[in-house]
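Asker: okay, structure incoming, though there's no sequence with it:
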């Protein structure tokens, strides 16, 4: 699709694959950070649902991409009905054209795109984006903050930060508590034998677990095996541990943990209803791996309809302050539900993680 631009210096058009390299250059320039090309290609070209859908503003005289609005295809559904979903990726303007309102030049073309009317798009706005929404009277569209749970993996850190204990005393007391908590958590399987192992790929057997453990009557994100393998196994720069729980020969649950210097994040925790012992086994293994990696705590954030907060509490997670917000974009003609408690999303639905 092409569209006439109100400013004769520019052309507005949908990106083709041949435009992607120049689009990457524009995003690098806008944020003054040069991302690895394999990271861009993973996100924009290699998603199993197809390449990203992006609108560009191109300077006619130089063919330089000066403004980008990217949407990456994302699995969304309402109950058992698949939707044409996407997640907001990079919205950026190169530095020499910033603060000149160029983003508004794309609006007529994007609003005329037939895809916009049939799609549903999610976003995770940061503080700057939320301030901009409030400025333009759209702050009510930012929902949150979302619930957050934290499992301390180094009790000494918690004793220092929350209770102000001196470091030597916190280290001594924390070491004893870590051993005690570890022993207590090891008893939470209810005597049922669950084997947890790290896996290198997901297969179609995990699809049934996803539907049993994550499907919601309203809005959710179906992470099938192809998506999970792209999202975690094939990620070019981030480190994840993919864990599978099994009883006998077949998997009965799975979890994914992301490692970072400041924290570990529980990206996925999926298990059928009425099997909390499977969740406990996965959480024990996730905590053990994260602790061995030197992470001070294990985080998890989800929309309020995620139904397993009690499982986290029994495993030692505590509620904590969150800065995570959700935004859902919908076409005015579509009757999509716009209430936060009717969405079921997890950290694996954030492209930034």
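Answerer: Sure, I can see it. All values derive from a computational prediction rather than experimental measurement.
Asker: what about residue 22, how many residues nearby?
Answerer: The number of residues packed around residue 22, counting by other CB atoms under 10 Å, is 15. Every C-beta, even on glycine, is put in place using the N, C-alpha and C of the backbone.
Asker: state the distance from it to residue 125.
Answerer: Per CB to CB, to the nearest Å, residue 22 is found 26 Å from residue 125.
Asker: with residue 50 instead?
Answerer: Separation of residue 50 from residue 125 (CB to CB): 25 Å.
Asker: what ranges of this protein fall below the confidence cut-off?
Answerer: Residues of the chain meeting the criterion pLDDT under 70: 1-3, 155-192, 331-338.
Asker: looking at it, which strand is longest?
Answerer: Longest strand in the chain by number of residues (criterion: DSSP state E): strand 81-93.
Asker: please name every helix or strand in contact with it.
Answerer: Contacts of strand 81-93 with other secondary structure elements, assessed using 3 or more CB pairs under 8 Å, 6 or more residues apart in numbering; DSSP states H and E, are made with helix 20-31, strand 65-73, strand 76-78, strand 119-123.
Asker: between those, which gets nearest to residue 14?
Answerer: Nearest to residue 14 among the helices and strands packed on strand 81-93 is strand 65-73 (10.3 Å), distances taken as CB to CB.
Asker: in its sheet, what does that closest one sit against?
Answerer: Sheet pairing of strand 65-73 (DSSP bridges) gives strand 53-59 (antiparallel), strand 81-93 (antiparallel).
Asker: residue 111 is nearest to which of those strands?
Answerer: Comparing these by their distance to residue 111 (CB to CB), the top pick is strand 53-59, with 10.6 Å.
Asker: I'd like the next helix or strand past the strand or helix carrying residue 256.
Answerer: Secondary structure assignment for residue 256, by DSSP states H and E: strand 250-259. Proceeding C-terminally, strand 250-259 gives way to strand 264-270 as the next helix or strand, assigned by DSSP H and E.
Asker: the inter-axis angle of that next one versus strand 250-259?
Answerer: With axes from the mean of the first three to the mean of the last three CA atoms, to 10 degrees as the basis, strand 264-270 and strand 250-259 are set at 160 degrees to each other.
Asker: in the longest strand of the chain, what counts as buried?
Answerer: Along strand 81-93, the positions that meet the burial threshold by neighbour count (16 or more other CB atoms under 10 Å) are 83, 85, 86, 87, 88, 89, 90, 91, 92, 93.
Asker: contacts for whatever helix or strand comes next after it?
Answerer: Proceeding C-terminally, strand 81-93 gives way to helix 103-112 as the next helix or strand, assigned by DSSP H and E. Counting contacts by CB atoms under 8 Å, 6 or more residues apart in numbering, the residues outside helix 103-112 that touch it are 1, 3, 5-7, 10, 12-13, 55, 57, 67, 69, 91, 93, 116.
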